[in-house]
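Chemist: Fold the following.
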Amino acid sequence: MSLDKDIVLIMPPVVEGFVMANPSLGLAYLAAILEPAYSVDVFDYNIDKNFNPHDIIEDILTTHKPKVIGLSLTTLNVPQAEKIVEIILQQDERPILIAGGPHATAVTEETLAIGFDYLVIGEGDNTILELMDFIFGRSSFDKIDDIDGLAFKRDGGVVYTGKREMTDMSKLPLPAWHYFDLDKYSSVAVKNKRCMPIMASRGCPDLCKFCYKGVFGAKLRVREPESLVEEILYLKENFKIDEFVFLDENITTKKDFILKFCDLLIEKEVNLPWFLGSGVRVDRVDDEIVGAMKRAGCYRTSLGVESGNEQILKDMGKKITKDQVRNAVALFKKHRYELTLYFLLGYPTETKETAQDTINFAIELNPDLAQFPVLTPFPGSEVHEYLKSKDLLIGSNWGDYNTFIPNANPTFKHPNLTWEEILELKRKAYKSFYFRPGYAFSQIINIRSISDVRRLWKMVFSFLGFLKSS
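Modeler: Modelled structure (predicted):
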């Protein structure tokens, strides 16, 4: 049996910092779309902290001889992607190089300059198949310019072929998980050994200025709850999953959907624990939704609080209030969820006083876990464009955009604070929240089970690892 492949899909790793150990759902979808017509393999290095690009890529090129290699780019993995491309470009006979993902969409011309032949702009589900058909001489298009959703270099410039229509999620195949070694994915954040990611929706209608929506867009598209339950049962039967996680950012936005989904989980006796990996908005939950999810097996969620200062929340475009946060936290505590709150330090209008408001608010809310990352001005976000317009960005070393790294390098000049003051506020936030007597006491009186306590504390120590080198 030949090991040669028409296309190899690669997820470069983020080699430093905290990374969620989920297999790449995006690559699993692309592989499922391609495999009826092309020989495919997938290499997901997202959790490989010992990534050796030279040996790995040389092995892929020698063993699989792919005609096309496709990389998924997320900004944080661009430094490793650059190493991969450099190695491939040194080959006498090299494969065609394509890339997609949020970074390729947001920073197109710079990404092409790395050495890619084609970039897939926005959602790639349909574009990649049409591009492969063109490359392999099977296309119904006379010119590559007729394929929407591409960018490539020509005559010293960059060609954009036009915007691709958003994917109809009901037409997507089941993700091709058989290309992944699922046993290597594990995390202290989950209850069980095999936890798989799923998505019920794409698109976000909200206007948070620190987010980038260039791939999935602003229009919310939601799958039918029946198809979701069928997918979960398929994963349970064929891949022996014992837990699942939603990657959606807006799963509770359509109340009828989430209530129907929860009813179906119970009716079909799915009997699996699950959690909301990207959380929910505080203004889109109520007692009925929170209670229904808990009865259907949901045990954990997160909330993007971002700030404990009302003016900073307005500056961020969050369109939530502190009272809405309090109400949402109270609901999830009432139904005994594990609760993580995310706060964001260092927004351009932040001061030491507003940061202290955030620390105080986190302590007041007293969730199981709290995270305090520093603002990362990801390319394509409104805050990135604002800082760029004010000449406050510091270069474009994408490796610095991982602010989970201890003592991360600055990515922008803050108008009110030095970078060291921002990092000190970050350290103060973690120490103030976790090293207070009331935190340990609240965890003890809210014990759900001994195994849950062990797992929560492992997560705490994982989040606080940066303190050792602070």
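Chemist: from here on, contacts and neighbour counts on C-alpha atoms
Modeler: Fine.
Chemist: Quick check: phi and psi on Phe361?
Modeler: Main-chain torsions, Phe361, degrees, to the nearest 10: phi -70, psi -40.
Chemist: does Leu73 really touch Met11, like I thought?
Modeler: Yes. Here Leu73 reaches Met11: they are 7.5 Å apart, a contact under CA atoms under 8 Å.
Chemist: Flag the helix or strand of this structure with the lowest per-element mean pLDDT.
Modeler: Ranking every helix and strand in the chain by mean pLDDT, DSSP states H and E puts helix 450-463 at the bottom, with a mean of 65.
Chemist: Distance of Ile60 relative to His178?
Modeler: Using CA to CA, to the nearest Å, Ile60 is found at 18 Å from His178.
Chemist: typed the wrong thing, it's Glu243
Modeler: Distance from Glu243 to His178, by CA to CA: 18 Å.
Chemist: So between the two, which is more surrounded?
Modeler: Relative neighbour count places Glu243 above the other of Glu243 and His178, with 23 against 14, counting by other CA atoms under 10 Å.
Chemist: can you pull up the bridge partners for the more buried one?
Modeler: Beta bridges link Glu243 to Cys195, judged by DSSP bridges.
Chemist: any chance you could map the strands in the stretch 351-470 of the chain?
Modeler: In the stretch 351-470 of the chain, the segments counted as strands under DSSP state E, counting those that start in this stretch are 369-371.
Chemist: which residues of it score low on pLDDT?
Modeler: 406, 445-470 (pLDDT under 70).
Chemist: where exactly do the helices run in it?
Modeler: Under the criterion DSSP state H, counting those that start in this stretch, helices of the stretch 351-470 of the chain are mapped to 352-365, 382-389, 419-434, 437-445, 450-463.
Chemist: Next: the stretch 1-150 of the chain.
Modeler: Counting by DSSP H, counting those that start in this stretch, the helices of the stretch 1-150 of the chain are 25-34, 53-64, 78-89, 102-106, 108-113, 127-135.
Chemist: so how far is the shortest one from its chain's centroid?
Modeler: Think helix 102-106. 13 Å (CA atoms, centre = their mean, to the nearest Å).
Chemist: hmm, back to that, tabulate the helices of the stretch 1-150 of the chain (a markdown table), appending mean neighbour count.
Modeler: Formatted as a markdown table, the helices of the stretch 1-150 of the chain follow (neighbours: other CA atoms under 10 Å):
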| stretch | mean neighbour count |
| --- | --- |
| helix 25-34 | 21 |
| helix 53-64 | 15 |
| helix 78-89 | 18 |
| helix 102-106 | 25 |
| helix 108-113 | 16 |
| helix 127-135 | 19 |
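Chemist: among the ones you listed, which is nearest Lys219?
Modeler: helix 102-106 (16.5 Å; CA to CA).
Chemist: Give me the contacts around the closest one.
Modeler: For helix 102-106, contacts defined as CA atoms under 8 Å, 6 or more residues apart in numbering pick out 73-75, 111, 119-122, 212, 214-215, 379-380.
Chemist: same thing but 10 Å
Modeler: 71-78, 98-99, 108, 110-112, 118-123, 149-151, 212-216, 378-381, 398 (CA atoms under 10 Å, 6 or more residues apart in numbering).
Chemist: Show me the helices in the stretch 151-300 of the chain, by range?
Modeler: Under DSSP H, counting those that start in this stretch, the stretch 151-300 of the chain gives helices at 225-238, 255-267, 287-295.
Chemist: okay, the ones you listed in a markdown table with mean pLDDT and distance to Pro23 next?
Modeler: As requested, these are exported to a markdown table (pLDDT from 0 to 100; distance: least, CA to CA, whole Å):
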| stretch | mean pLDDT | distance to Pro23 |
| --- | --- | --- |
| helix 225-238 | 98 | 14 |
| helix 255-267 | 98 | 23 |
| helix 287-295 | 98 | 24 |
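Chemist: among those, which is nearest Arg138?
Modeler: That would be helix 225-238 among those, by CA to CA, at 31.3 Å.
Chemist: Tell me how far that closest one lies from the chain's centre.
Modeler: Relative to its chain's centre, helix 225-238 lies at 22 Å (CA atoms, centre = their mean).
Chemist: same thing with stretch 364-374?
Modeler: On CA atoms, centre = their mean, the centre of stretch 364-374 falls 19 Å from that of its chain.
Chemist: One more: stretch 195-206?
Modeler: 10 Å.
Chemist: quick one, phi psi at the nearest residue to Glu249 once chain neighbours are set aside?
Modeler: Ranked by CA to CA, 6 or more residues apart in numbering and with sequence neighbours excluded, the top spatial neighbour of Glu249 is Ser278, at 5.4 Å. Dihedral pair for Ser278: phi -100, psi 0, per degrees, to the nearest 10.
Chemist: longest strand of this structure?
Modeler: Looking across the chain with DSSP state E, the single longest strand is strand 298-306.
Chemist: Which among the helices of the stretch 151-300 of the chain is found nearest to Asp145?
Modeler: From these, taking CA to CA, the stretch that ends up closest is helix 225-238, at 35.0 Å.
Chemist: Pull the residues that contact the closest one.
Modeler: Helix 225-238 has contacts (CA under 10 Å, 6+ apart) with 170, 174-175, 177-178, 194-200, 239-244, 256-265, 268-272.
Chemist: Swap in 8 Å and give it another go.
Modeler: Here helix 225-238 makes contact (CA under 8 Å, 6+ apart) with 174, 200, 241-242, 244, 257-258, 260-261, 264-265, 270.
Chemist: between these, which is closest to Val40?
Modeler: Scanning the contacts of helix 225-238 for proximity to Val40, where the rule is CA to CA, the winner is Leu174, at 15.6 Å.
Chemist: Could you report the neighbour count for the closest one?
Modeler: There are 16 residues near Leu174, going by other CA under 10 Å.
Chemist: Distance to Asn402 added to the helices of the stretch 151-300 of the chain, as a markdown table?
Modeler: Putting those into a markdown table (distance: least, CA to CA, whole Å) gives the following:
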| stretch | distance to Asn402 |
| --- | --- |
| helix 225-238 | 32 |
| helix 255-267 | 33 |
| helix 287-295 | 32 |
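Chemist: Dump those helices to a markdown table, plus distance to Leu425 and mean neighbour count.
Modeler: Listed next are the helices of the stretch 151-300 of the chain as a markdown table, based on distance: least, CA to CA, whole Å; neighbours: other CA atoms under 10 Å:
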| stretch | distance to Leu425 | mean neighbour count |
| --- | --- | --- |
| helix 225-238 | 42 | 16 |
| helix 255-267 | 38 | 17 |
| helix 287-295 | 33 | 17 |
